[in-house]
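In: Attaching a predicted model along with its sequence, questions to come.
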Amino acid sequence: MGDGIEVKRCGVKFTPPALVLNYLIKDTGKMHRRTMPLRHFNKNSSVDATVDELLSNPRHSKYLKCMPKFQLYRLVSIIKDKLSGMSLEESLARNDEIDKLDPEEDLNKLDDETLRRKKSIMEDTFEKNLKKPGDPGFEYDVQMDFDEVEACEWDSEESEQEF
């Protein structure tokens, strides 16, 4: 990952609100713990703004770029839920539901924070499955023919005539 650091475990601290990372420095083989306080974070704080602030903070970004962004959203969201009075079990269940990707779900109906989180999960999945030059199984310029094409109402010839 980045700068010879491998995040082994991450968690949250509720009082005062903070993220806790256990990480390994690859060169030395030593384990370290880093606590990142979420100063001025409360139940009305924006999860998006807090995640962006943590990632842009030069003291923390070195460690946080080594973990998936959606996991960071999840941890901050759990802290916010707990500060709002939700139990840890309820928060974990709610976060599990948010983290599920359903191809039939209409993403246009989601609030901004949930949409960003789902996009972050999709981006992470894409990066994991991405084949780059030099990877086994990489083929340049793959072209495929699809036998069956589903018709969509927005793609019909009638809609072209309406314009």
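Out: Ah, there it is.

In: any idea which residue sits dead centre in this protein?
Out: F70 (1.5 Å; Cα atoms, centre = their mean).

In: quick one: it from V76, how far?
Out: 11 Å (Cβ to Cβ, to the nearest Å). All C-beta spots, glycine's among them, are computed from the backbone N, C-alpha and C.

In: Low-confidence stretches in this structure?
Out: 1-3, 149, 151-163 (pLDDT under 70).

In: could I get the longest helix along the chain in PDB with only the CA atoms?
Out: Criterion DSSP state H: the longest helix present in the chain is helix 112-129. Extracted in PDB, the C-alpha atoms of helix 112-129 (Å, rounded to 0.1, in the frame of the first residue of the first chain):
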ATOM      1  CA  ASP A 112     -26.100  12.500  -1.000                       C
ATOM      2  CA  GLU A 113     -24.200  10.800   1.900                       C
ATOM      3  CA  THR A 114     -25.600   7.300   1.100                       C
ATOM      4  CA  LEU A 115     -25.000   7.800  -2.600                       C
ATOM      5  CA  ARG A 116     -21.300   8.800  -2.100                       C
ATOM      6  CA  ARG A 117     -20.900   5.800   0.100                       C
ATOM      7  CA  LYS A 118     -22.300   3.400  -2.400                       C
ATOM      8  CA  LYS A 119     -20.200   5.000  -5.200                       C
ATOM      9  CA  SER A 120     -17.200   4.500  -3.000                       C
ATOM     10  CA  ILE A 121     -18.000   0.800  -2.600                       C
ATOM     11  CA  MET A 122     -18.500   0.500  -6.400                       C
ATOM     12  CA  GLU A 123     -15.200   2.300  -7.000                       C
ATOM     13  CA  ASP A 124     -13.300   0.000  -4.600                       C
ATOM     14  CA  THR A 125     -14.900  -3.100  -6.200                       C
ATOM     15  CA  PHE A 126     -13.900  -1.800  -9.700                       C
ATOM     16  CA  GLU A 127     -10.300  -1.200  -8.600                       C
ATOM     17  CA  LYS A 128     -10.000  -4.700  -7.200                       C
ATOM     18  CA  ASN A 129     -11.300  -6.200 -10.500                       C
END
